[in-house]
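**Student:** what follows is a protein structure lacking sequence information:
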C-alpha cells in the first residue's frame, strides 16, 4: 500500500508542473495567453502541489522504502525492447531534490510575478519557467534514459531561451547561442552515454546505475569507464565545469529571477545531481572517478580565483556559485554522497537568496560597512605589482582566457568545416545544375564571420 | 608613467575637456542626480537640439508617431492645438497653394493629423501586393476628403472604389515618371575606422574589444565590489593598464589581441603618459589634426556610459568612497585606443589589407556599397497618400507637372517623419500646458488661516503636492510652505552609523561644511551595546558575504546553514508586508538612539570640505534665507515643522533616484534637522533679531523626514520640544499620521491594487512595496511631473494637481526688488528642469537615453548598472520608473509682476538660456488681476482660459477615486459640516 501511495504522490508532483506547462504553452500556441493574474495563480497552485506531493512522498518513502523503487506509468511498448516508457526511480534523495526544486520554483514564481509585471515577455517567461520545472523534476526522478533526456532537454532549451529573453538586443542573443552550443555538446555526450548504456547493458533503465543492480547488469570495467567519461562531458557542460566555464557569466542576460533559479539554484546543480545518481557507476570506473574529482577541484580553484576580481555583482555570484559546484563534484568523487547532497541543497537555497537580492548590493554593503570602510575599497599604490600578482589578476580578470580557447579549439574548427562543406556544396551545385538555376545559389555567397 | 599633462600635447587635453561635455553627466548611482540628459545641447533651441542629438547619438527625439496618434484619438492632444502649432510654424507661408492641390496649411494639417505610413523597398512591394491599400480608401482620412475624392455620379461600390484608387495609383506613378530623377543620397562619411569597417561589411571591432575594455575599466573604477582591488591603481588608468597588460598573456584576450602586448611594450619603452599615448595612437591611425576632435568625440561616444563615469570621477571625486583613485579621461582614451589599434590591425589583415593603418580608411572607402536612390514606387507612395488626404482624384494628379511634383516632394521633405513628430509633440505639450494654465487662472484663491495651528515647510518636490493637499484637508487649521529641500544647508553629512560622509545639497554646489551626527549617550551602556550589536551584525553580514565567495568557508556555510536562507527568502518574497511589519515592531521595541547634529563650528579638520560645522553667522544666514524665500515673514506659528524627504526601498539600485533632487540625490532629513536646530538656537535668534527678523520666543522648529516610498514620517529631536509647544506638536503629529494614510491611498491608484481599497490597506500596501525584494516599482518617483508653480499657497490651496506640479512658496508682495525671486529661480530652476528633462528623455527613448528595463540590470563597481552580463554603463532612468510619465517640458508658472519676472529671467544666463531655447516654458501669473501670460520668444502672450475647472465638494479622494490614469485639475472645496470618516472604503477602477 505505501508503495502505491508513493506512486500517486509522485505522479501528482510531476504532473502538476507538466500540466502547467501544457496549459500555459498551449494557450500561447493558440495565441491566447492567459492574463497575468491567472498565470501567477496557476503557477502558485502547481508549484505548491508539486512541492507538497513530493514532500509527502519523501516522508512516506523515508518510513517505508529501504531500496530505490522503480515506478512505471504506462508504456507504449515493452521497455527493454527499444520501447518507451515513463518510469521514475524514487529514493529519499531524488524525492528531496524534487521537492526542493518545486519549492524554489514556487518562490521564484512568486518573485517573478511582481518583478515581471507589465513586461511584454511575462507570459513567455512563465511558459519557460513551467518547462524548466517540469524538466527539473524529470531529471530528479527519472527512471530511464528517455525521461532523463527529455528533462535534460527541457532544462537546456528553457535556459537558452531565457538567456535570450531580451532578444531585441544583440548581446543576449549571441550569449544565448553560446550557452545553447555548449549545452548541445553536453546533450550529445549524454545521448551517446545512453546509447552505450543500452548497448552494453541491454536496458535503458537507470535502475542499472544504482548499486544493487550494477554488477548484475554485467557492465565491464571498460564500458563503465567510457559511459562515465561521456557522462562527465555531459555534466561539465551543464554545470559549467572546466573547460566549459566561460558560458556561466554570459548567461546572466535574462531577468534577475531567471538567472537566480538557473545559475544560482537549480540548473547549475543538475549536473551534480546526475553525478550523484550515477555514483555507483563511477564506483566501477576508477579512472573516471579520479578525473571527475580533478575536474571539480580545478573548477573550484579557478572559480575561486575568478570570483575575487569580478566587479559586477552577477559575475561575482556566478563564479562564487561555480566554486561550490566544483567542491560538490569533488565530494561526490570522494564518495561523501550525503554531505554532497546537503551541500547542494544548502547552496541552492543560499545562492538563490543572494542572486535574487543582487540588485540590493549597494544597500547590503552599506549595512556591512557600518562606521568602518570595507577593505576592498582600497587603492593599491602604483608601481609594478610583481609578475605573479599581475598574471594571476589578469588571468582572473579575463576569466582564465577560456572563451578564446574554446573559440579557437572548437568554434573555429567547426566553422572551418562548415565553410569547406559550403564551398564544396556550391561547387557541386555548379557541376550539377544548369546556369540559370544557379543564380540563386551564387547570390548566397559564403561570408566568413 | 604619470598622466600629468604635457606642454607638447598640442591642445589635446583641452580638446578632451571640451568633448567631455557631450558625455552623460550621471554620477555614481548611489548619489543619483537628475540632470538634463542633453545638457551639452542647451545652447540650441529644444527641437533642433533633440533632433540633432538624436541623429548623432542614434536615439529618438520624440515619441513614435503612432503614440501621438493614440493621444489624438484619446483626447490627450486636441486637434485645435495641432492646427495652432502648424499656424505658428508656417506663419505667412500657410496660405500658399502647393501644386494646385491645397493650401500649405491644409496640406500640412492633413499630413500631420493623419500621417503617411512609412514604407520602402520590399516592405512597400509587399504592402502593394498583399494588402488592400490599392483597393480600399484609407479609413482614417477626414470625411470631407473622402467625399471630395468620390467622382461625381460615382456610386460608392467596392469595385468603383478599387478602380478609382487603381487609377489614382497609376496617375501618381506617371506623375513621378514625368518628374526629374530623384537626388542620390550622399555617401556615408563616418570618422572612426570601426565605422568604416562596418560600412564596408567588415568585422565590428567594438564587439571584440569592448568586453575586455569594460572588464578592465570596471575593475579599475571599482568602489569595493570585487574582493581583490586591481593592482597598481595608483598609477592612473593608462599607467595601471601598462603594468597589468605588460605580459604575453595579454594576447590571449582573443585572436584580435595578438598585437596588444607589442603596443603596451612600445608605450612603456617610450615612457608615454596618457596624453602622449593618445597622440601616438592617433598618428598611427592616420587621424589628422583637423579631424582629431571629431574622431576622439566619436571614440568617447562609443561607450558613452563608461566614458561619462570616468569623467564624473575625474571632476567630482568627492562623491565616491575611494576618493584618492586617480582617474582621467585621457587615460581612458589612451587605453581604449591601444585596444582599438590591436583590433583594427587584426580586422584589416583579415580583410586582406596589408598597408599601414593610417591608410586603411582610404582603402575601405572604395569598398563601401553605394546607397540607393528612392524608387518610383517609393516616391509615388507619398503622392498617393497626399492625394487621398486632400481628396484629389486621378484627373487632378494627371495634371501635375514635373515642377508640381518637385514642389510636393519638397513639402514632404520638409515635413518628414521627424518633423511631423515635432509638430505633434508641440501640440501635445500645448494641450496639457494649457489645461493647467486655465486651472490656475480659474481657481479661486483660498487664503490660509490667519493664525495657523502649526506650519509645515516641505520640499518643492511634486510628490509633496499631494501630501500638502491632504494635510490641509485633514487639518484645515494648518499652513504649508515649500522650498528647495536642502533648506539652504549645504553640507557633507555623516550619520552616526555611516562610514563615509556624503554631500547633501544641489549638485551645482560643492559644500564647504561638514556636519556629523553623534550618539548622545555614546558612553552609556545602552549605546555601547547598540554600537556593539551594530558592528557585530555588520561583521557577520560582511563575513557571510565574503565566505559565500570563498571555497572552504563557503562550503561549510552552505552545508551547515544554507537552507536557513529559505526563511528570509519566503518571508521577503511571499510575505513582504509581514517582513516590513516585523522590522517596524523590532524598531519600536528598542528605544531609538538619541543623537544630535554637531552643527556648531569646531576647529577640528573635517574629513571632507573645509570647515567642521557652521558659525552662528552662517546659521543665521541660512535660516533667514529660507524664511525670506517662503515669504512667511513674522507670521510664524507656535510650531513649525521642517520636513525633508528621502526614499528607502529594497533591491533597487536606482533607490537614490527617488531621493531629494535638491539634496543632490540624498535624503533631506539631516538638512531639515540642521535647519530646525539652527532656528531654535537662541544665539541664532539673537543674531536675526538684531537684523530685524524677530522669531517669537514661543516658536519651535522641528525637523523631520518623510519617506516618500513607505510614507513614514520621522521627526527628529522630539525630546527637545518644549512643553508649551506640546499641544501643537501632538496635533501636528496626529494630522500627519492621517495624512500619510490618505496620501498613500492617492498614490495607490497608480499601482495595480484591487478595485476595492480602504485607506488603511493603502498604507500597508506602500509599506509592503518598500520591503518587497521582488518589487521593481517601489514608488513612481517624479514620474508625471509637468508643471512648477511659484507663488503664494493661496493660489494653489485646494487645487488638485495630481502630484504633477512642483510647488515653490514665494510671496510677490514682500519682494519689490525681485531679489528673492531671483535666488529662488536660480536655485530651483536647474533642479526642476533637470528632473523634468531627464524624465522626458528616459521616456521618449528608454533604450538610448534611459536605462531600459530594470529586469536584467547588473550592479557593477558600485557605480552603475549594466544590462545583463556586460554592456555599456546604463545611464538615465529605468523604464519601470518612468512608464506612467507624460514627456513634456516643464511649464513654470510664476506669480509675480511681468516686469519683475522678465528681469529675473533675463538677468540669470542659465535660466535665460533654458527659456530662450524653450527647454522650459515660463508663464507669469499676475498677483493683482490673476491673468496669465506665457513668455514666447521675447514677448508675453496672454492666455484666455478655455478649459473648464471642475469644482468638487469633499476631499481629494472624491475626485481621484475610481480613476487610474491622468486626472485633470479640480478645485476641491471642503464639504461643509460633514467630514468623511478616514477609513471609509473607496473604490478604485
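**Tutor:** Received the coordinates, thanks. Remember, predicted model here, so these are calculated numbers, not experimental data.

**Student:** quick check: the residue of the stretch 201-350 of chain A nearest chain B.
**Tutor:** Residue of the stretch 201-350 of chain A nearest chain B, by CB to the nearest CB: residue A:346 (2.2 Å). (Glycine included, C-beta is placed from N, CA and C.)

**Student:** check which helix or strand that residue maps to.
**Tutor:** Element membership of residue A:346 [criterion: DSSP states H and E] is helix A:337-356.

**Student:** what of residue B:924?
**Tutor:** Secondary structure from DSSP H and E places residue B:924 in strand B:921-925.

**Student:** next, the angle strand B:921-925 makes with the helix or strand following that strand.
**Tutor:** Once strand B:921-925 ends, the next helix or strand along the chain (criterion: DSSP H and E) is strand B:932-936. Following axes from the mean of the first three to the mean of the last three CA atoms, to 10 degrees, one obtains 150 degrees for the angle between strand B:932-936 and strand B:921-925.

**Student:** neighbouring contacts of the helix or strand just after strand B:932-936?
**Tutor:** Next helix or strand after strand B:932-936 toward the C-terminus (DSSP H and E): strand B:939-942. The contact list for strand B:939-942 (CB atoms under 8 Å, 6 or more residues apart in numbering or on different chains) reads B:898, B:924, B:931, B:932, B:933, B:934, B:935.

**Student:** count of neighbours near the closest residue to the last one other than its chain neighbours?
**Tutor:** It stands for residue B:935. Counting by CB to CB, 6 or more residues apart in numbering or on different chains, residue B:935 lies nearest to residue B:922, which is 4.6 Å off, once chain neighbours are set aside. Residue B:922 has 25 neighbours, counted by other CB atoms under 10 Å in any protein chain shown.

**Student:** so what's residue B:922 up against?
**Tutor:** Contacts of residue B:922 (CB under 8 Å, 6+ apart): B:891, B:892, B:894, B:901, B:905, B:915, B:934, B:935.

**Student:** quick one: residues contacting the residue of the stretch 201-350 of chain A closest to chain B.
**Tutor:** Applying CB under 8 Å, 6+ apart, the residues near residue A:346 are B:558, B:559, B:560, B:561, B:562, B:563.

**Student:** ok, the residues you listed vs chain A, which is closest?
**Tutor:** Compare each of the contacts of residue A:346 with chain A using CB to the nearest CB and the shortest gap goes to residue B:562, at 2.2 Å.

**Student:** measure how far stretch B:763-781 is from the centre of its chain, please.
**Tutor:** In terms of CA atoms, centre = their mean, to the nearest Å, the centre of stretch B:763-781 is found 21 Å from the chain centre.

**Student:** what's the end-to-end length of that stretch?
**Tutor:** Using CA to CA, to the nearest Å, one end of stretch B:763-781 lies 17 Å from the other.

**Student:** ok, and does it reach over to chain A?
**Tutor:** Yes. Stretch B:763-781 lies within reach of chain A by CB under 8 Å from any CB of the partner chain, at B:772, B:773, B:774, B:775, B:776, B:777.

**Student:** determine which two of these are furthest apart.
**Tutor:** Distance extremes for these: the farthest pair is B:773 and B:777 at 13.2 Å, using CB to CB.

**Student:** rewinding a little: pull out the buried members of the contacts of residue B:922.
**Tutor:** Burial by neighbour count, judged by 16 or more other CB atoms under 10 Å in any protein chain shown, picks out B:891, B:892, B:894, B:901, B:905, B:915, B:934, B:935 from the contacts of residue B:922.
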